[in-house]
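Asks: Everything below, folded, please.
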Amino acid sequence: MQEHRQTARIAVIMGVSGSGKTTIGRALARRLGWLFQEGDALHPPENVAKMKAGYPLDDEDRAPWLTAIAAKIDAWRARGDAGVVTCSALKWRYRDVIIGNRPDVRLVYLEGSRKLIGERVGARRGHFMPASLLDSQFAALEPPAPEEHAITVSVDAPIDNVVVRIAAALTATGHDPRRCALTG
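Replies: Next up is the predicted model:
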């Protein structure tokens, strides 16, 4: 990952299933007037079928999905568009594919306890990701390292508060990207 990041034009919202990526991503895109892409919509049908059947994806399954997300980001960048894309991006190597040396792309990590997120996943209906796979998500999670300069936000606050904090961090000028942890 690159040491210094310029003002973000694209945000990658990451976190385990149930952390609020879609809800927060859509609200953030609306607030900023940016484009929005639900990363799950870029999964090949085989991946969706596998997850619906209760099987976690492996790195081979994820490769075409991550490539599609990176292509979406690159298309936005080529057109000069600003956007928000959601992606679980649980491991550093996945984030390196979709963010890599793109200095105008910022990672936003939605952090929450297993208990809180488990309650959310248990309450939702109609999502292809069953609650039974949540433990595999937490097991695979590699929280962003300091050199990734992620904006880390606790999801135990109201959605509007989370969105305001992320928007402020994304649009701040002269900020130190190493000091972007936001809680409460």
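Asks: Which stretches in the protein count as helices?
Replies: 21-32, 45-52, 59-79, 92-98, 114-123, 134-140, 159-171 (DSSP state H).
Asks: Now do N101: how many residues are near it, please.
Replies: Counted with other CB atoms under 10 Å, residues neighbouring N101 total 8. Quick note: C-beta positions are derived from backbone N, CA and C, even for glycine.
Asks: Just the pLDDT at S17, thanks.
Replies: S17 carries a pLDDT value of 85.
Asks: Relative to V108, which of the helices of the chain is closest?
Replies: helix 159-171 (5.6 Å; CB to CB).
Asks: The closest one: which residues count as buried?
Replies: Judged by neighbour count using 16 or more other CB atoms under 10 Å, the buried positions of helix 159-171 are 162-167, 169-170.
Asks: could you give the angle of it to helix 21-32?
Replies: Helix 159-171 and helix 21-32 are oriented at 60 degrees to each other (axes from the mean of the first three to the mean of the last three CA atoms, to 10 degrees).
Asks: distance between helix 159-171 and the chain's centre?
Replies: Remark: helix 159-171 is offset 14 Å from the chain centroid, using CA atoms, centre = their mean, to the nearest Å.
Asks: which helices and strands does it pack with?
Replies: helix 21-32, strand 105-111, strand 151-154, strand 181-182 (3 or more CB pairs under 8 Å, 6 or more residues apart in numbering; DSSP states H and E).
Asks: Which stretch among the ones you listed is buried most, on average?
Replies: strand 105-111 (a mean of 24; mean count of other CB atoms under 10 Å).
Asks: on contacts alone, who are the packing partners of it?
Replies: By 3+ CB pairs under 8 Å, 6+ apart, strand 105-111 packs against strand 10-14, strand 151-154, helix 159-171.
Asks: By mean pLDDT, point me to the weakest helix or strand of this structure.
Replies: strand 181-182 (a mean of 44; mean pLDDT, DSSP states H and E).
Asks: okay, now R95: neighbour count?
Replies: R95, neighbours per other CB under 10 Å, totals 24.
Asks: list the contacts for it?
Replies: 1, 12, 14, 89, 107, 144, 148 (CB atoms under 8 Å, 6 or more residues apart in numbering).
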